[in-house]
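*Asks:* Build the 3D model from these lines:
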Amino acid sequence: MENKKVSLGDKVIMRKPHACQTNLWTVTRVGVDIKIKCENCGHEIMMERREFLRKLKKVVGVESEKE
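*Replies:* Down below sits the predicted model:
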């Protein structure tokens, strides 16, 4: 399994789109569980890290790299 680093505030794309037809999410909690928030409708989902990494397509941007 590929070891992907995910930190608070990252923008991620999941494999399947949400019911509101977007697959762009923001990471709002990192730990054993990962909490993500839909960028389109604001719905929040919490899932286990292993499940999150399996459903993750790619990390798009990092919120904390603002200058």
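
*Asks:* And stretch 10-27, how far out from the chain middle?
*Replies:* 7 Å (CA atoms, centre = their mean, to the nearest Å).

*Asks:* State the mean pLDDT of that stretch.
*Replies:* Computed over stretch 10-27, the mean pLDDT rounds to 94.

*Asks:* Return the set of buried residues in that stretch.
*Replies:* For stretch 10-27, a neighbour-count test (16 or more other CB atoms under 10 Å) marks Asp10, Lys11, Val12, Met14, His18, Asn23, Leu24, Trp25, Thr26, Val27 as buried. The way it works is simple: take the backbone N, C-alpha and C, and place the C-beta from them, glycine included.

*Asks:* Count the residues that sit near Val60.
*Replies:* 12 (other CB atoms under 10 Å).

*Asks:* quick one, what contacts it?
*Replies:* By CB atoms under 8 Å, 6 or more residues apart in numbering, the residues touching Val60 are Asp10, Lys11, Val12, Ile13, Leu24.
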